[in-house]
Each structure stands twice: as structure tokens, then as C-alpha cells.
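Engineer: Just need the structure, nothing else, for what follows:
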Amino acid sequence: MSLIKDYEQQYAVLTAEIMAQISRIAIYTGAERRELVSKVDTNLSEAKELLEQIQLEIRDLEPSNRQTWTNKLNCAQAELKRLETEYKTVQDKTQNPAYDSAVDDFEDIGIRDEQKQRLLNNSERIERTGNRLTEGYRIILETEQIGTQVLQDLHHQRETIQSARSRMRETNADLGRASRTLNSMMARALREKAVLYGIGVLFVVVVSLSIYFSISSSK
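Structural biologist: The predicted model follows:
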């Protein structure tokens with residue numbers, strides 16, 4: 001889902017930039033206009049590729065989300081077609097041999113200097129909006145990358161803690177086994193010590209009785 005949203009954001013930024021560029025084609029002349037036309041061609045191709053990528057991603061979506069994104073794609077395709085039509089209209093007009101200088105053009109279509117300036121201002125405003133969208137999208141990507149890195153770090157720390165807990169459990173189990181073994185050895189040693197004491201006492205008793213009977217017999 002995140003990939004298709006990325007494509008949607010990129011498409012929105014790109015179409016805003018295309019709108020601003022198309023609005024300036026009729027104003028500029030010469031090399032500036034040719035450069036602008038080249039940029040529009042490139043951006044339109046990129047916009048088509050983004051819509052194709054969105055269409056591919058829609059196929060892998062859950063049925064519950066597929067219809068929503070299909071409707072969005074249809075709207076985006078209609079918007080792109082409108083931009084292409086507007087672009088072609090502007091191109092046809094500017095490529096007309098009768099299309100002379102910018103001043104004459106604006107006079108021929110009834111646009112005065114203040115209207116021309118207003119059009120330029122609107123074009124610049126659209127371009128600034130596109131730049132802000134681009135910057136906002138860049139910030140979103142950076143924030144997402146930071147969030148992903150934080151989640152990865154947290155996951156790594158969780159694995160480290162779980163591994164430490166596992167080692168502690170193993171250590172506790174080893175200590176428990178060692179303690180039981182030591183207790184068993186101590187109990188065995190105490191039993192052996194008691195047996196030795198018993199044997200010693202019995203030996204003393206036997207020796208004492210032997211001495212006693214020997215003395216008694218000699219009398």
C-alpha cells in the first residue's frame with residue numbers, strides 16, 4: 001500500500017508542475033519556450049509511467065481497496081488527458097507562423113499587460129505550490145525512512161533483549177543443575193563421612209572389647 005501512495009504523491013507533484021509549465025509556454029519565446037516544451041514532454045511521459053505503475057499496483061491490492069484506487073486512477077487518467085489536450089492546444093497556437101512576438105500575441109487574443117502579468121504571477125504561484133509539494137513529499141519520505149529505521153532499531157533491540165533473556169534462562173538452568181549436583185555431592189559426602197565415623201566407632205569398640213577380654217582371661 002505504501003508504494004502506491006508514493007506513486008500518487010509523485011503524480012500529484014508532477015501534474016502541478018506540468019500545469020505551471022503549460023501556462024508559461026504561451027508567454028515565453030525562442031530557446032526558453034523550446035526548453036519549456038521539452039520539460040513538459042518529459043514530465044508528461046513520466047506522469048504516464050506513474051499511472052501505469054499505479055495500475056500494476058492496483059492488481060495486487062485487496063478487493064476492499066481495489067475499487068477505491070481504481071476510481072482514483074480513472075480521475076488521474078482523465079486529468080492527464082485534459083493536460084495533454086491543453087498542451088496540444090498551446091503548442092498548435094505557438095507553432096502557428098502568424099504567432100509573432102509575445103506582446104503581439106497577447107494583444108491579438110485580447111490580453112493586456114496587466115492580464116499578462118497576472119498570468120505570469122499565477123504561473124509562478126502554481127510553480128511555487130509544486131515546489132512546496134515536492135519539498136513536502138521529500139520530508140514525508142525522509143520521515144518515513146527515519147520511522148522505518150527507528151522501527152528496525154527497536155526490533156533489533158527487542159531481539160537483543162530476548163536473546164539476553166534466553167541466555168539468562170539458560171544460565172539459571174545451568175546454575176540450578178550445578179546446585180543440585182553440588183547438594184547431591186555434599187549429601188553423599190555426609191553419608192560417607194557418617195559411615196566412616198560408624199566404622200571408626202565400631203573399630204574402637206571391637207578393640208576395647210578385645211583388650212578387655214584379654215585382660216580378663218589372663219587373670
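
Engineer: Ranking helices and strands of this protein by mean pLDDT, which lands last?
Structural biologist: The weakest-scoring helix or strand in the chain, judged by mean pLDDT, DSSP states H and E, is helix 102-108 (a mean of 48).

Engineer: just checking, what packs against the very next helix or strand once past it?
Structural biologist: The helix or strand immediately downstream of helix 102-108 is helix 113-218, counting by DSSP states H and E. If you count contacts as 3 or more C-beta pairs under 8 Å, 6 or more residues apart in numbering; DSSP states H and E, helix 113-218 packs onto helix 2-25, helix 102-108. C-beta here means a position set from N, CA and C on the backbone, and glycine is covered the same way.

Engineer: Nearest the middle, which residue of this protein would you pick?
Structural biologist: Residue closest to the mean C-alpha point of the chain, counted by C-alpha atoms, centre = their mean, is Thr148 at 4.3 Å.

Engineer: so how many other residues sit close to Trp69?
Structural biologist: 18 (other C-beta atoms under 10 Å).

Engineer: so who does it touch?
Structural biologist: Ile4, Ile54, Glu57, Ile58, Leu61 (C-beta atoms under 8 Å, 6 or more residues apart in numbering).

Engineer: ok, 7 Å please
Structural biologist: Ile4, Ile58, Leu61 (C-beta atoms under 7 Å, 6 or more residues apart in numbering).

Engineer: got those as TSV, with distance to Ser216 and pLDDT columns?
Structural biologist: What follows is the contacts of Trp69, written out as TSV (distance: C-beta to C-beta, whole Å; pLDDT from 0 to 100):
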residue	distance to Ser216	pLDDT
Ile4	113	87
Ile58	117	90
Leu61	112	87
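
Engineer: hmm, which of those are the buried ones?
Structural biologist: Ile4, Ile58 (16 or more other C-beta atoms under 10 Å).

Engineer: sorry, back to before: Val206 versus the residue nearest to the centre of the chain, what's the distance?
Structural biologist: 86 Å (C-beta to C-beta, to the nearest Å).

Engineer: Mean pLDDT lowest where, among the helices and strands packed on helix 113-218?
Structural biologist: Note on these: helix 102-108 shows the lowest mean pLDDT, a mean of 48.

Engineer: Can you name every helix or strand that whichever strand or helix holds Ser45 contacts?
Structural biologist: Assigned by DSSP H and E, Ser45 belongs to helix 30-59. When contacts are defined as 3 or more C-beta pairs under 7 Å, 6 or more residues apart in numbering; DSSP states H and E, helix 30-59 sits against helix 2-25, helix 63-94.
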